[in-house]
Every structure is written in C-alpha cells, then in structure tokens.
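Q: no sequence for this one, just the structure:
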C-alpha cells in the first residue's frame, strides 16, 4: 500500500508542485506585501498545487507511449499505476483544486477552471505541436504568479515575475523537447526539434534565454527591484542560464540535456528568491 501511495505521489511531480506553490505565494507577496487575507493565500497555494498535480498526472496519461521509450521509470509505464487509475486521480485533483478556489474569490475560481481545462487540452492536443504546446505550458506556469496575486485582489506586482517565468519555462520546454526528440519522433509528435531539427530548436532556446537575461536587468535599471536583486539574479540566474546554453550546444545528448533541464528547474527557486530580495530591499 505504501508503495502504491508513493507511486501516486511521484506521479504528481512534487518538485514541480513545490515550485508552483512558491510561485503562487510569491505572486501574492509581491502584490500585497502583507499577504492579507492570509487564508486566501493558503487556499490559493493549496488549490493551485492540486490543479498543477492534476495537470502533471494527466500529462503522464497521454504520454505513456513516449515515456515507455524515454522515461520507463515513471509510475505508469513502470506498471505501478494504471492509466485508468491515474485518470480518475487527475479528475479528483482537478475538481478539488477548482472547488477550493471558490472560497477565495470569483476571479481565482474562473482562472482555476480555465487553467484546468487548459492543462488537459495541452496534454491531449497541444503538447505535440510545434511551439504551440511550449507556449501554452509556459503561459500556464506563469499564471501561477497571477493566481497568487488575484487571491488578494491585486495583480500588477506579479506581472514582471510572471513574464520572467514565462520565458524561463519556454526556454526549458524547448530544451526538454530536444532531449525527448527520439521518443517524440517515434510517435510522430510534431515538436520543434522533430519538425525543424535540433539546431533550430537550439537557436530558439538561445533566443528565448538570451531575451530573459537581458530583461532581468530592466527592473533594476528602472529602480523597481533593489541592489540585492541584482546581486542574486546575475550569478544565480543569468550565469546559470548562460552555462546551460553552453552545455546545450556543446553536448546536445539526451543524458546531458536531462541534467541541464534539472539544473534549470532547480534554478527557478533561485530566480524566485532573487525577486523576493529585490522587492524587500
């Protein structure tokens, strides 16, 4: 039984959920400062975590053929969780996530429903399309910050970090597509590297991340974020992203790209912390 519960837990991708919950919390923090009402912030983090978990689970349901090739250790291809059970699990998570959002306000409820349907449609249709899927999942990831800000009836303060999150996720999604190109090709998924080649995908990822690095200086130049932000974001985010691009071009192989993707995922926490320092300084 414990092993079954562990498999379901792994299916939700806990690190992604932690990052999403922190993004929601930061969205509220940047917009309201005092995080009031706190109950709304807590509910937003919990409902958002449930919806993101559902999105990850349903994604694995549709990705089973790809995962059998590329990630056979995942719970569904490994036979630890059946597709049917995973689908029911995802539905329960979606429903409870949207239900909790009702107790925050109508804006969060509407956004929760939109994101829920969007995440389902992304896994069902958009993921295997050229760039559209990448743009969609990056947009939904960035909305986590907006979701947190709406919990306290504000949104302006979350726009800058949401923009950064969108570009960061977009660049990482393209790198993940390069990593998964062989498995995607085997199921005729029309991703960017499959349709236009690895070099084109590398160029797109470089442009996206290059734009992100340039834009990270804008809030400091405009005196929106303070000195602590710059001290943290340059070595903690910009140099890490630049290093990831170097290794992406030098070692464009699945194993090395998987490591790059993991490093970038971890670096998102650093980016959130840098923004927090900028606002609080």
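A: Alright, I've got the coordinates. Nothing here was measured: the structure is a model prediction, and the numbers come from that model.
Q: check which helix or strand covers residue 51.
A: Using DSSP states H and E, residue 51 sits in helix 38-62.
Q: right, and the helix or strand after that helix?
A: With DSSP H and E, the next secondary element past helix 38-62 is helix 64-70.
Q: packing partners for that next one?
A: With contacts defined as 3 or more CB pairs under 8 Å, 6 or more residues apart in numbering; DSSP states H and E, helix 64-70 has these neighbours: helix 181-186. For glycine as for every other residue, the C-beta is placed from the backbone atoms N, C-alpha and C.
Q: Now do residue 112 against residue 103, distance only.
A: With distances taken as CB to CB, to the nearest Å, residue 112 is found 11 Å from residue 103.
Q: more crowded one of those two?
A: Each of residue 112 and residue 103 has its neighbours counted (other CB atoms under 10 Å); residue 112 has more, 26 against 13.
Q: what residues are up against the more buried one?
A: Contacts for residue 112 (CB atoms under 8 Å, 6 or more residues apart in numbering) come out as 47-48, 51, 97-98, 101, 147.
Q: what do you get for residue 120?
A: 55, 58, 94.
Q: secondary structure element for residue 73?
A: Assigned by DSSP H and E, residue 73 falls within no helix or strand.
Q: re earlier: tell me the two of the contacts of residue 112 that are most distant?
A: Farthest apart among those by CB to CB are 98 and 147. That separation is 12.0 Å.
Q: quick one, which of the two is more surrounded?
A: A direct count of neighbours by other CB under 10 Å for residue 98 and residue 147 places residue 147 higher, at 30 against 22.
Q: Quickly find the element holding that one.
A: helix 132-150.
Q: avg pLDDT for the helix or strand following that helix?
A: If you walk from helix 132-150 toward the C-terminus, the next helix or strand you reach (DSSP H and E) is helix 159-179. In this model, helix 159-179 carries a mean pLDDT of 94.
Q: Now do helix 159-179: distance to the chain's middle.
A: 8 Å (CA atoms, centre = their mean, to the nearest Å).
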